[in-house]
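S.K.: pasting the structure only:
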């Protein structure tokens, strides 16, 4: 008896259990998980915060004569209050009531602020040594805002307002 060359050989059943090879994820699956409706809500809240905070920051720096750190800090103090309320209830629909969550939010905002603005100013000064201090500080504040948004989203989504299912998946 000869085998038919057109028939594939019998295969073993697929392995299952903990020793089974992991199934490859579909391309873009991780990106879809990170960019979803929550991301768009966060961006919408961010637009509100940006309008309010940026107005406060640049008015404080350019019209009231406050320094770089005070002006940018005012942006995040005022914007953070709005951000906490809107992101907690609207973006992440988090009903948890805990002082721990408030402290996590404050630590997240402070860490993101210090990191973003602490990196932005020396970077802009290193790249733009010929600009006036006022122009360089304004550019630094703009770059600091961009860095802050990315860091803050990650902190709020995956730490501060992480759902119990998100925490279980870590």
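M.R.: That came through fine. For clarity, every value in this text was computed on a predicted model and none was experimentally measured. Numbers count the residues shown, from 1 in each chain.
S.K.: what's the following helix or strand after the helix ranked longest in the chain?
M.R.: When the chain is parsed with DSSP state H, its longest helix is helix 99-127. Downstream of helix 99-127, the first helix or strand assigned by DSSP states H and E is helix 133-155.
S.K.: So what touches that following helix?
M.R.: 39, 42, 46, 50, 54, 57-58, 61, 68, 71-72, 75-76, 83, 108-109, 111-113, 115-117, 119-121, 123-125, 128, 131 (CB atoms under 8 Å, 6 or more residues apart in numbering). (C-beta placed from N, C-alpha, C; glycine too.)
S.K.: So for that helix, what gets flagged as buried?
M.R.: 136-141, 143-145, 147-149, 151-153, 155 (16 or more other CB atoms under 10 Å).
S.K.: Which one of these is nearest to residue 95?
M.R.: For the buried residues of helix 133-155, the minimum distance to residue 95 (CB to CB) is 19.8 Å, reached by residue 155.
S.K.: Could you measure from the closest one over to residue 128?
M.R.: Relative to residue 128, residue 155 is positioned 29 Å away (CB to CB, to the nearest Å).
S.K.: separation between the most centrally placed residue in the chain and residue 83?
M.R.: In the chain, the residue lying closest to the centroid (CA atoms, centre = their mean) is residue 153, at 2.0 Å. From residue 153 across to residue 83, the span is 11 Å (CB to CB).
S.K.: Same question for residue 55.
M.R.: 15 Å.
S.K.: any idea of the pLDDT on residue 28?
M.R.: Here the pLDDT value assigned to residue 28 is 56.
S.K.: ugh, wrong one, I meant residue 25
M.R.: 51.
S.K.: again with residue 111
M.R.: 97.
S.K.: dump the residue contacts of it.
M.R.: Per CB under 8 Å, 6+ apart, neighbours of residue 111: 151, 155.
S.K.: begin at 59 from here
M.R.: Right, with 59 as the first residue, what we last looked at is residue 169.
S.K.: Could you check which helix or strand contains residue 152?
M.R.: Residue 152 belongs to no helix or strand, assigned by DSSP H and E.
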